[in-house]
Structure formats: structure tokens, C-alpha cells
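S.K.: predicted coordinates and the sequence they were generated for:
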Amino acid sequence: MRYTKFEEARIIGARALQIAMGAPVLMELNKKELDSAKYSPIEIAKREFKANVLPITIKRPLPRKL
């Protein structure tokens with residue numbers, strides 16, 4: 001599924017908040033990868049988003065027929 005830039009920002013922001021509050025990271029990251037991400041929840045959330053491992057979905061309203 002393709003996301004708009006607004007949906008992508010919302011998903012990454014929500015996931016970064018979860019990680020910052022202590023949620024487990026959903027993909028294996030070694031020490032080198034964590035160092036390159038600077039242990040930033042936002043960077044980790046971006047990597048999870050690009051790897052397509054986030055269990056977050058978007059509901060879009062369908063157009064109404066008259």
C-alpha cells in the first residue's frame with residue numbers, strides 16, 4: 001500500500017513515541033546499525049517503516065455515492 005507523506009509522518013511519529021516509551025523494537029538491529037541510527041527512536045521507526053514490519057494500518061474513507 002502506498003501512503004501519503006502525511007500518513008507516513010503520522011505512522012513514524014506514533015511508532016517513535018511507542019519506542020521512546022519502552023516498546024520493543026520489531027526488527028533485529030545490531031550494534032553497528034543502532035550506532036548509525038544514533039539510538040534515535042525516530043530513526044529506528046523509519047527503519048521499521050521501510051522494512052514494512054509495522055502492524056499499523058490506515059483507514060481511508062471511501063467516496064459516497066449519491
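M.R.: All right, it came through fine.
S.K.: which helix runs longest in this structure?
M.R.: Longest helix in the chain by number of residues (criterion: DSSP state H): helix 5-20.
S.K.: which residues are in contact with it?
M.R.: Residues outside helix 5-20 that contact it (CB atoms under 8 Å, 6 or more residues apart in numbering): 3, 25, 41, 42, 44, 45, 46, 48, 49, 54, 56, 58. Placement of C-beta: from N, CA and C, glycine included.
S.K.: as CSV, the residues you listed with distance to residue 15, pLDDT and neighbour count would be great.
M.R.: Below are those laid out as CSV (distance: CB to CB, whole Å; pLDDT from 0 to 100; neighbours: other CB atoms under 10 Å):
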residue, distance to residue 15, pLDDT, neighbour count
3, 13, 92, 12
25, 10, 93, 16
41, 8, 94, 19
42, 9, 95, 16
44, 8, 94, 23
45, 4, 95, 24
46, 9, 95, 16
48, 6, 95, 21
49, 7, 96, 17
54, 6, 92, 17
56, 7, 86, 13
58, 13, 88, 11
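S.K.: before we move on, back to that, okay, buried residues for the helix or strand just after the longest helix of the chain please.
M.R.: Next along the chain after helix 5-20, taking DSSP states H and E as the criterion, comes helix 31-36. In terms of neighbour count (16 or more other CB atoms under 10 Å), helix 31-36 has no buried residues at all.
S.K.: average pLDDT across helix 31-36?
M.R.: Here helix 31-36 scores 87 as its mean pLDDT.
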